[in-house]
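What would the 3D arrangement of this be:
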Amino acid sequence: MLNEFKNFIARGNVMDMAVGIIIGAAFTAIVSSLVGDLINPIIGLVTGGVDFTNHYLVLAGEVPEGASLQAARDSGASVFAYGAFLMAVINFLIIAWVVFMLVKAVNRVKEAAMGPERAEEPAPKGPSAEDLLVEIRDLLKRK
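Coordinates of the predicted model:
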């Protein structure tokens, strides 16, 4: 059983996955800083200094007027934190955009490394739809 475990861990896919997870964790820290420290302040500037994180509705319980979301949660009130959800959606969209741009850049580098002759290999030629239809018609005529 120990040998099977060693073989499993030594496989390339497992090691690639481990490296991907480690890089992903580091990348998450970078993107979180990008979102929290650079993009959210710009959004706040555009929206007049509004920070969506502390926008919520009190469903049950007592919360002092103007209390932060954390203070409302700490008071034991039931809150509908739509601002925190909105910020999570914005963060997700930004992270998805950054990952898309990263993949696009990696693909561009791969294509440049492969050279122009290998970048776009032509699809194998086969019969056209019309050729297939003619062949089917001819087969049906024979029956």
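
residue contacts, S32?
By Cβ atoms under 8 Å, 6 or more residues apart in numbering, S32 lies in contact with N91. Placement of C-beta: from N, CA and C, glycine included.

what about V35, neighbour count?
The tally of other residues near V35 (other Cβ atoms under 10 Å) stands at 19.

who's in contact with it?
When contacts are counted by Cβ under 8 Å, 6+ apart, V35 is found next to I90, N91, I94, I95.

Which of the helices or strands spans the third one?
Assigned by DSSP states H and E, I94 falls within helix 82-114.

Tell me the buried residues in that helix?
Along helix 82-114, these residues count as buried under the neighbour rule (16 or more other Cβ atoms under 10 Å): G83, A84, M87, N91, I94, I95.

Can you get me a residue count around the nearest residue to the second one once chain neighbours are set aside?
Ranked by Cβ to Cβ, 6 or more residues apart in numbering and with sequence neighbours excluded, the top spatial neighbour of A84 is T53, at 5.4 Å. T53 has 17 neighbouring residues, counting by other Cβ under 10 Å.

can you check I39 too?
Using other Cβ under 10 Å, I39 has 15 neighbouring residues.
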